[in-house]
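S.K.: One predicted model, sequence on top.
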Amino acid sequence: MTGAGGSVRVDHAVVSGTFSLDGETFDVDNNIWVVGDDAECVVIDAPHSVDAILDVVGDRTVKAILLTHAHDDHCRVAPELRERVNGGSGAPILLHPDERPLWELTHTDRLWDVDLADGFEITVGGVTLKALHTPGHAPGAVCFAAPELGCVFTGDTLFQGGPGATGRSFSDRPTLEASIRAKLFALPEETVVHTGHGDDTTIGAEKAALGA
């Protein structure tokens with residue numbers, strides 16, 4: 001897709017840090033996803049390092065910071081990122097309101113800016129990303145589908161090899177599998193899945209893995 005700022009693309013980097021929940025802490029590598037053209041972009045999740053995210057953004061205008069969910073390894077640096085993009089003029093953080101209990105585990109004194117809901121759309125560089133509410137890994141988990149780019153950004157809802165983790169606070173395996181079947185498996189099988197951790201996969205490959 002080509003807009004006023006040139007061709008829309010998906011830029012990617014990996015950054016390392018920790019994930020903490022239920023009194024345990026783990027080392028994790030998170031994917032940074034930035035979608036846009038040469039003029040503007042959106043950032044999907046804000047893991048570990050603002051500088052690493054800004055390296056991917058470059059000199060582009062950031063329209064929004066889209067959070068797939070509020071586990072600390074996905075939202076920890078979101079408030080700082082909000083303040084530092086666009087020459088310090090900032091950009092809104094978007095998060096599903098059902099994530100507030102998790103958000104407040106990391107950020108006790110400040111909130112996000114815009115509530116996400118199922119079907120919410122945002123356009124960047126002429127390409128539309130649509131929010132799909134996919135609870136299960138977290139109550140307000142959201143995936144962002146970009147049909148024009150043939151991809152979906154799934155956070156920790158769906159990985160190469162199957163659904164995201166459950167068994168911790170605010171998660172539920174049957175709810176997660178139902179979300180995946182209803183929302184993600186409705187996408188074309190060739191849709192590329194850009195995950196919160198690890199390698200890409202496709203909807204078709206994961207449908208086969210789940211026996212869908």
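M.R.: Structure received. Numbering: from 1, shown residues only.

S.K.: quick one, helices of the protein?
M.R.: Secondary structure of the chain (DSSP state H): helices at 50-57, 72-75, 78-84, 100-106, 173-179, 203-210.

S.K.: which stretch among these comes nearest Phe159?
M.R.: Phe159 sits nearest to helix 203-210 of all those, at 8.2 Å, using C-beta to C-beta. Any C-beta I mention is one placed from the backbone N, CA and C, and that applies to glycine too.

S.K.: Just list what that closest one packs against, helices and strands only.
M.R.: Identification of packing neighbours for helix 203-210 by 3 or more C-beta pairs under 8 Å, 6 or more residues apart in numbering; DSSP states H and E yields strand 162-163.

S.K.: so what strands line up beside the strand it packs on?
M.R.: Sheet partners assigned to strand 162-163 using DSSP bridges are listed as strand 158-159 (antiparallel).

S.K.: Nearest residue to the spatially most central residue of the chain in space, please, no chain neighbours.
M.R.: Residue closest to the mean C-alpha point of the chain, counted by C-alpha atoms, centre = their mean, is Thr68 at 3.6 Å. In space, not counting the residues next to it along the chain, Thr68 is nearest to Gly155; the distance is 2.7 Å by C-beta to C-beta, 6 or more residues apart in numbering.

S.K.: give the contact list for the one you found.
M.R.: Contacts for Gly155 (C-beta atoms under 8 Å, 6 or more residues apart in numbering) come out as 45, 68-69, 74, 137, 141-143, 164, 195-196.

S.K.: and these, which of them are in strands?
M.R.: In strands, defined here by DSSP state E, the members of the contacts of Gly155 are 142-143, 195.

S.K.: Would you convert the residues you listed into TSV that also reports distance to Lys183, pLDDT and neighbour count?
M.R.: Converted to TSV, these look like this (distance: C-beta to C-beta, whole Å; pLDDT from 0 to 100; neighbours: other C-beta atoms under 10 Å):
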residue	distance to Lys183	pLDDT	neighbour count
Val142	10	98	30
Cys143	7	98	26
Thr195	15	98	23
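
S.K.: what's the closest of the residues you listed to Pro97?
M.R.: Pro97 lies nearest to Val142 out of those, by C-beta to C-beta, at 10.8 Å.

S.K.: Contact partners for the closest one?
M.R.: Per C-beta under 8 Å, 6+ apart, neighbours of Val142: 66-69, 96, 116, 131-134, 155.

S.K.: Report the beta-bridge partners for it.
M.R.: Assigned bridge partners for Val142, using DSSP bridges, are His133.

S.K.: helices and strands of the protein: which one bottoms out on pLDDT?
M.R.: Lowest by mean pLDDT, DSSP states H and E among the helices and strands of the chain is strand 2-3, with a mean of 56.

S.K.: ok so, going back, looking at the helices of the chain, which one has the lowest mean pLDDT?
M.R.: Among the helices of the chain, helix 203-210 carries the lowest mean pLDDT, a mean of 93.

S.K.: Residues contacting that one, please?
M.R.: Contacts for helix 203-210 (C-beta under 8 Å, 6+ apart): 152, 158, 160-163, 177, 180-181, 184-185, 187-191, 193.

S.K.: okay, stretch 72-91 in PDB with CA atoms only?
M.R.: What follows is stretch 72-91, C-alpha atoms only, in PDB (Å, rounded to 0.1, in the frame of the first residue of the first chain):
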ATOM      1  CA  ASP A  72       4.500  -5.400  32.300                       C
ATOM      2  CA  ASP A  73       6.700  -6.500  29.500                       C
ATOM      3  CA  HIS A  74       4.300  -5.000  27.000                       C
ATOM      4  CA  CYS A  75       3.400  -1.700  28.700                       C
ATOM      5  CA  ARG A  76       6.300  -0.900  31.100                       C
ATOM      6  CA  VAL A  77       7.800   2.000  29.100                       C
ATOM      7  CA  ALA A  78       4.500   3.100  27.400                       C
ATOM      8  CA  PRO A  79       4.200   6.300  29.600                       C
ATOM      9  CA  GLU A  80       7.800   7.300  29.000                       C
ATOM     10  CA  LEU A  81       7.400   6.600  25.300                       C
ATOM     11  CA  ARG A  82       4.300   8.700  25.200                       C
ATOM     12  CA  GLU A  83       6.200  11.700  26.500                       C
ATOM     13  CA  ARG A  84       9.200  11.300  24.200                       C
ATOM     14  CA  VAL A  85       7.700  10.800  20.800                       C
ATOM     15  CA  ASN A  86       6.900  13.500  18.300                       C
ATOM     16  CA  GLY A  87       9.600  15.900  19.700                       C
ATOM     17  CA  GLY A  88       8.100  15.700  23.200                       C
ATOM     18  CA  SER A  89       4.600  16.600  22.100                       C
ATOM     19  CA  GLY A  90       3.500  13.000  22.800                       C
ATOM     20  CA  ALA A  91       1.100  10.400  21.400                       C
END
